[in-house]
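Asks: Below are the sequence and a predicted model for it; my questions follow.
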There are 2 protein chains.
Amino acid sequence: MEKNLSADSSYLTKDVEVLRISKDRSRQTRVAVVREIPLTIFLNDQEIVTLLCTGAHVESLAVGFLKSEGLLQQRKNLKEVVVAEDRQAVQVYTSESSELAGQLFGKRTLTSGCGKGTIFYNVLDSLQSKPLENQISIKAEQVRKLMTDLHKRSELYRLSRGVHNCGLASTKKILIFRSDIGRHNAVDMILGECFLDEIKTDDKILVTTGRITSEILIKAAKMQIPMLISRSAATSLSLELAHTLNMTLIGYVRGGSILAYTGEENLIC
Amino acid sequence: MEKNLSADSSYLTKDVEVLRISKDRSRQTRVAVVREIPLTIFLNDQEIVTLLCTGAHVESLAVGFLKSEGLLQQRKNLKEVVVAEDRQAVQVYTSESSELAGQLFGKRTLTSGCGKGTIFYNVLDSLQSKPLENQISIKAEQVRKLMTDLHKRSELYRLSRGVHNCGLASTKKILIFRSDIGRHNAVDMILGECFLDEIKTDDKILVTTGRITSEILIKAAKMQIPMLISRSAATSLSLELAHTLNMTLIGYVRGGSILAYTGEENLIC
């Protein structure tokens, strides 16, 4: 299941000329900036959304986004995923009815960036009635190791700034790793990959460098992922949802320290 | 113009019980988490969007969002801004035509979080034909001081993690400071404040802790703000836009170091 991403790294950065000023000198130099492109997603030839992303893993991003938003249901109904030559558009074809998908999405939705939510209202009710049943136990040292592994992957791509990193993991290791300029994109790429390859997720852990807001928690819950681990903090709403949905939420994993916001019984010291 | 925010701080965090594990011990403790609430914005009684935000400065967030999205034009046409008692809805009334606003917004738009864009396509063309004329010069030491000031304000509210900080500034000091769980929200709050109070922005600087993606740059450009300073990195697309729009983009201000991505002639060593 582990993926080799080296083929994609050229999409992720672009070298630019800048003036760098340090305390005692200034000089022209070149730095790598994260690539940002608009990616338009179509479902059965209907335009659904334009995301701003790094341009890597656009197939799984498109499929993961549509799945997350409830616009794709069953893997078996997915007919084709076509990536445009310039990689700025993805066409997804399904045999499921999508006649009203674009309109419904447009109406229901909402949002424009960090901490803003498309999926919020509709999903919440259906999720609240179905707390997750599967639970995972993990040792504190395993939590630290997963976060260290996430950072190591990040260093490998020299993109530790300007992107969010996210991994699907067992208690022992990161199985799928993704980076993107958006917290949500990185999670959607992983969800899309799991949907496409029919990877079981109800026994896995989502590990991320990004803050845990309600949207990220809901994305994980929809994939029945019972445990989230983040380097960063969680919000009040994500905590309330984690309680209701019976999810284990571990945050602020840094400098040896770990916070168990919910599900502390699943964290073994 | 400087605002006292102490009245708002109670909205911004919530104390929760967590298990904290450090290297040699574990204990129950209380930590503050950032508040996250859904805020629904109505324009002339039409539902436009639901944002996830901290719940502070909801009037200016609502107005700034609508202005940013092109759904509000002139200050003089704004009739009333009504905040619901639970602060989870804002009704904005304007004498401008808004009949199709919701539908247009729904169609044009799309997006769901960090690095995803509502305003992208429509705005780009109109902006590209109008590079900003006003320019600001700033000394390297002033850049460092503005970033230090932004952090000091952040420490004051003990919210340095879990939120993005943003300020509208002169070359000498931060004039308006805002924090939110979303990079975009913090900017929209400032834009809304400027729109409501008719504050001139074409001689100001936007200072932020968040990454500079195309959306943030476009928001600033729409307010004719000629200079952006960030603690974090910029993306390739934001750089291209900054070049085209004649904006000065300064990033990665940390540890004494400063990068001038564009407009280096406006940065005095």
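Replies: Nice, I can see it. Values in this document were obtained by computation on a predicted structure and should not be read as measured data. Numbers count the residues shown, from 1 in each chain, chains lettered A, B, ... in the order given.
Asks: Where does pLDDT dip in the stretch 51-200 of chain A?
Replies: Applying pLDDT under 70 to the stretch 51-200 of chain A picks out residues A:99-129, A:155-161.
Asks: Please save the CA atoms from stretch A:217-235 in PDB.
Replies: Extracted as PDB, the C-alpha positions of stretch A:217-235 are listed here (Å, rounded to 0.1, in the frame of the first residue of the first chain):
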ATOM      1  CA  LEU A 217     -13.000  15.600  11.900                       C
ATOM      2  CA  ILE A 218     -16.100  15.000   9.800                       C
ATOM      3  CA  LYS A 219     -14.100  13.900   6.800                       C
ATOM      4  CA  ALA A 220     -12.400  11.300   8.900                       C
ATOM      5  CA  ALA A 221     -15.700  10.200  10.500                       C
ATOM      6  CA  LYS A 222     -17.300   9.700   7.100                       C
ATOM      7  CA  MET A 223     -14.500   7.200   6.400                       C
ATOM      8  CA  GLN A 224     -15.100   5.600   9.800                       C
ATOM      9  CA  ILE A 225     -11.500   6.400  10.800                       C
ATOM     10  CA  PRO A 226     -11.700   6.100  14.600                       C
ATOM     11  CA  MET A 227      -8.500   8.000  15.600                       C
ATOM     12  CA  LEU A 228      -7.000  11.400  14.700                       C
ATOM     13  CA  ILE A 229      -3.500  12.500  15.700                       C
ATOM     14  CA  SER A 230      -2.400  16.100  15.100                       C
ATOM     15  CA  ARG A 231       0.700  18.100  15.800                       C
ATOM     16  CA  SER A 232      -1.600  21.100  16.300                       C
ATOM     17  CA  ALA A 233      -4.500  22.000  18.400                       C
ATOM     18  CA  ALA A 234      -8.200  21.100  18.100                       C
ATOM     19  CA  THR A 235     -11.100  23.500  18.100                       C
END
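Asks: Please see if that stretch touches chain B.
Replies: Yes. Interface with chain B: stretch A:217-235 contributes A:Ser232, A:Ala233, A:Ala234, A:Thr235 (Cβ under 8 Å from any Cβ of the partner chain). Placement of C-beta: from N, CA and C, glycine included.
Asks: Would you mark the buried spots in that stretch?
Replies: Residues of stretch A:217-235 classed as buried: A:217-235 (neighbour count, 16 or more other Cβ atoms under 10 Å in any protein chain shown).
Asks: In helices, which of those fall?
Replies: If you go by DSSP state H, the buried residues of stretch A:217-235 have A:Leu217, A:Ile218, A:Lys219, A:Ala220, A:Ala221, A:Lys222 in helices.
Asks: about what we covered before: need the residues of stretch A:217-235 next to chain B in TSV (columns: pLDDT and distance to A:Ser98).
Replies: Below are the residues of stretch A:217-235 next to chain B laid out as TSV (pLDDT from 0 to 100; distance: Cβ to Cβ, whole Å):
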residue	pLDDT	distance to A:Ser98
A:Ser232	89	35
A:Ala233	89	37
A:Ala234	92	34
A:Thr235	91	32
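Asks: who touches A:Leu78 in this structure?
Replies: With contact taken as Cβ atoms under 8 Å, 6 or more residues apart in numbering or on different chains, A:Leu78 is in contact with A:Val63, A:Leu72, A:Val92, A:Tyr93, A:Thr94, A:Leu196.
Asks: So of those, which two are at opposite extremes in space?
Replies: The span of the contacts of A:Leu78, defined through Cβ to Cβ, is set by A:Tyr93 and A:Leu196 at 13.5 Å.
Asks: Pull up the overlap in contacts between those two.
Replies: Common contacts of A:Tyr93 and A:Leu196 (Cβ under 8 Å, 6+ apart): A:Leu78, A:Val81.
Asks: what's next to the helix or strand encompassing A:Thr148, contact-wise?
Replies: In this structure, A:Thr148 sits in helix A:140-156 according to DSSP states H and E. For helix A:140-156, contacts defined as Cβ under 8 Å, 6+ apart pick out A:160, A:163, A:165-167, A:169, A:171-174, A:177, A:179, A:205, A:207-209, A:229, A:231, A:250, A:253-254, A:256, A:258, A:267-269, B:21, B:26.
Asks: hey, C-alpha coordinates of that helix in PDB?
Replies: The C-alpha trace of helix A:140-156 is given here as PDB (Å, rounded to 0.1, in the frame of the first residue of the first chain):
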ATOM      1  CA  ALA A 140       2.300   7.100  23.600                       C
ATOM      2  CA  GLU A 141       5.600   6.200  22.100                       C
ATOM      3  CA  GLN A 142       3.800   5.000  18.900                       C
ATOM      4  CA  VAL A 143       2.100   8.400  18.700                       C
ATOM      5  CA  ARG A 144       5.400  10.200  18.900                       C
ATOM      6  CA  LYS A 145       6.900   7.900  16.300                       C
ATOM      7  CA  LEU A 146       4.100   8.500  13.800                       C
ATOM      8  CA  MET A 147       4.500  12.300  14.200                       C
ATOM      9  CA  THR A 148       8.300  11.900  13.700                       C
ATOM     10  CA  ASP A 149       7.700   9.800  10.600                       C
ATOM     11  CA  LEU A 150       5.300  12.400   9.200                       C
ATOM     12  CA  HIS A 151       8.000  15.100   9.700                       C
ATOM     13  CA  LYS A 152      10.700  12.900   8.100                       C
ATOM     14  CA  ARG A 153       8.600  12.500   5.000                       C
ATOM     15  CA  SER A 154       8.100  16.200   4.900                       C
ATOM     16  CA  GLU A 155      11.800  17.000   5.100                       C
ATOM     17  CA  LEU A 156      12.400  14.600   2.300                       C
END
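Asks: angle of the helix or strand just after it against helix A:140-156?
Replies: Scanning forward in sequence from helix A:140-156 by DSSP H and E, the next helix or strand is strand A:164-169. Interaxial angle of strand A:164-169 relative to helix A:140-156 (axes from the mean of the first three to the mean of the last three Cα atoms, to 10 degrees): 130 degrees.
Asks: so, in contact with chain B or not, the helix or strand that strand A:164-169 is followed by?
Replies: Next in sequence after strand A:164-169, counting helices and strands by DSSP H and E, comes strand A:174-180. Yes. Strand A:174-180 reaches chain B (Cβ under 8 Å from any Cβ) through A:Asp180.
Asks: And for stretch A:40-54?
Replies: Yes. Counting by Cβ under 8 Å from any Cβ, chain B has neighbours in stretch A:40-54: A:Ile48, A:Val49, A:Thr50, A:Leu51, A:Leu52, A:Cys53.
Asks: Counting neighbours, what do you get for A:Lys76?
Replies: The burial count assigned to A:Lys76 is 10, neighbours taken as other Cβ atoms under 10 Å in any protein chain shown.
Asks: err, A:Ile258, not the other one
Replies: Counted by other Cβ under 10 Å, the residues lying close to A:Ile258 total 25.
Asks: Identify the residue spatially nearest to it, adjacent ones excluded.
Replies: Spatial nearest neighbour of A:Ile258, chain neighbours left out: B:Ile21 (4.3 Å); criterion: Cβ to Cβ, 6 or more residues apart in numbering or on different chains.
Asks: residues touching the one you found, list them.
Replies: Shown in contact with B:Ile21 (Cβ under 8 Å, 6+ apart): A:Ala140, A:Ser257, A:Ile258, A:Leu259, A:Ala260, A:Leu267, A:Cys269.
Asks: Which positions are bridged to it in the beta structure?
Replies: Note on B:Ile21: beta-bridge partners by DSSP bridges are A:Ile258, B:Ser26.
Asks: Surely A:Leu52 touches A:Ile37?
Replies: Yes. Contact status for A:Leu52 versus A:Ile37: in contact at 7.3 Å, counting by Cβ atoms under 8 Å.
Asks: Checking my notes, A:Asp188 in a helix, right?
Replies: Yes. Assessed by DSSP: H, G, I helix; E, B strand; the rest coil, A:Asp188 belongs to a helix.
Asks: Now it: closest residue in space that isn't a chain neighbour?
Replies: That would be A:Gly64: by Cβ to Cβ, 6+ apart, it lies 3.6 Å from A:Asp188.
Asks: before we move on, what about A:Ser137?
Replies: A:Asn266 (5.0 Å).
Asks: Which one of A:Leu52 and A:Ile37 is surrounded by more residues?
Replies: Using other Cβ under 10 Å as the criterion, A:Leu52 and A:Ile37 rank with A:Leu52 on top: 26 against 20.
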